[in-house]
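A.B. asks: kindly generate the corresponding structure for this input.
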Amino acid sequence: MSFKDNLKKKMLIDSLSKTVSQSIGSPGKPWKVDKETMRRLLSLSPFVLEKRRDLELYFRQLEPDIGEILVLDNELPLYGKTTLDDVTLRKSPELKEMVSIRNIIKILHDSDVLMCKRRDALRYVHDRALDLLDLRFEERDIEEMANDGIDALARGDSEAVMETLDLFVEVLGYESVPAAVLVNDYVMFGSHHEAEDGRETFSSIIMYNDRTNILRLIKETVPVHDRVGQEVIPRVALGEVEPDAEGYWVFRFLKEAVLKKERPVLH
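C.D. replies: Below you'll find the predicted structure:
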């Protein structure tokens, strides 16, 4: 699988995890886990579905018949160094199994095998899914991404342009520019900084209008919450002030920005 495909899969894993996390809610409040999205996330992980009785179990084998087991319910309990039979007994016991004192203790107390639950279990599954991806890249991988963006821009394919921009944003760790400086149909991303005086600034601001297919760049560091930033950024977007780069040159800038950066650890 190519670096681009692995990167897109990473972004999907992150997005699915975020959706599930939002469904878990706050401590002390009732919640209902988004099980369908969690299933999609698990399908991208090394956990394999095993149905037992009324349980939906996901098993990651560590040694023969022993491994980590996630139960897909609203608690998302994750058990470690145990078996499917053991978890089935604890979570869905039959009457004949409850005559044993040893089994009753297991049913009432799972601290001996419980690794974590809820968001901690979600984070663990997320990380194991990422472990399956090779996110190393070479110069040719980034060159290919930039060329894809240039071709899409030339065709006026705004969806493909945005897809390529999203990939660069992911690799560079750029963040969305605050809504206070947005204008018309532009989306904007950049390198976020916080100055010593507490002011929020952005540099390398990428701005793209998917309706007009206009792509522009501000290289300089701009404070986004004072008058200067709130005037300069919209004026560049609207073409009233000349950008530092425009059109396909923006993808060339992004390519060089990635290659100059110390190889990021994508997580």
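
A.B. asks: going forward, measure contacts between C-alpha atoms and count neighbours the same way
C.D. replies: Noted.

A.B. asks: show me what contacts E220?
C.D. replies: Contacts here follow CA atoms under 8 Å, 6 or more residues apart in numbering; on that basis E220 touches 203-204.

A.B. asks: any idea how far it is from I206?
C.D. replies: To I206, E220 is 11 Å away according to CA to CA, to the nearest Å.

A.B. asks: and if you look at E231?
C.D. replies: Using CA to CA, E231 is found at 16 Å from I206.

A.B. asks: again, but for D141
C.D. replies: 21 Å.

A.B. asks: rounded mean pLDDT for stretch 191-199, please.
C.D. replies: For stretch 191-199, the mean pLDDT works out to 80.

A.B. asks: what's the answer for stretch 78-92, then?
C.D. replies: Rounded mean pLDDT across stretch 78-92 is 93.

A.B. asks: what is the end-to-end distance of that stretch?
C.D. replies: Stretch 78-92: ends 15 Å apart by CA to CA.

A.B. asks: show residues contacting it.
C.D. replies: Contacts of stretch 78-92 (CA under 8 Å, 6+ apart): 52-55, 57, 59, 62, 65-71, 97, 103, 106-108, 110, 113-117, 121.

A.B. asks: work out the gap between it and the centre of the chain.
C.D. replies: Between the centre of stretch 78-92 and the centre of its chain there are 29 Å (CA atoms, centre = their mean, to the nearest Å).

A.B. asks: list the buried residues in that stretch.
C.D. replies: 78-84, 87-91 (16 or more other CA atoms under 10 Å).

A.B. asks: continuing past the helix ranked longest in the chain, what's the next helix or strand?
C.D. replies: The helix that spans the most residues within the chain, counting by DSSP state H, is helix 3-24. Scanning forward in sequence from helix 3-24 by DSSP states H and E, the next helix or strand is helix 35-43.

A.B. asks: show me which residues of stretch 53-65 are buried.
C.D. replies: Quick answer for stretch 53-65 (16+ other CA under 10 Å): 57-61.

A.B. asks: what's the mean pLDDT across that stretch?
C.D. replies: 96.

A.B. asks: same check on stretch 240-257?
C.D. replies: 96.

A.B. asks: repeat that for stretch 96-104.
C.D. replies: On average, stretch 96-104 scores 74.

A.B. asks: CA atoms only for it - export them in CSV, please.
C.D. replies: What follows is stretch 96-104, C-alpha atoms only, in CSV (Å, rounded to 0.1, in the frame of the first residue of the first chain):
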residue,chain,number,x,y,z
LYS,A,96,-25.4,-23.8,35.3
GLU,A,97,-22.1,-21.8,35.5
MET,A,98,-23.3,-19.8,38.5
VAL,A,99,-23.3,-22.8,40.9
SER,A,100,-19.5,-22.6,41.1
ILE,A,101,-18.0,-20.2,43.7
ARG,A,102,-15.0,-19.7,41.6
ASN,A,103,-17.2,-18.7,38.6
ILE,A,104,-19.3,-16.3,40.8
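
A.B. asks: in the longest helix of the chain, what counts as buried?
C.D. replies: 3-4, 6-11, 13-14, 16-17, 20-21, 23-24.

A.B. asks: F59 against G67, yeah?
C.D. replies: Yes - the criterion here is CA atoms under 8 Å, and F59 meets it with G67 at 6.7 Å.

A.B. asks: what is in contact with those two at once?
C.D. replies: By CA under 8 Å, 6+ apart, no residue touches both F59 and G67.

A.B. asks: let me know the secondary structure of G67.
C.D. replies: strand (DSSP: H, G, I helix; E, B strand; the rest coil).
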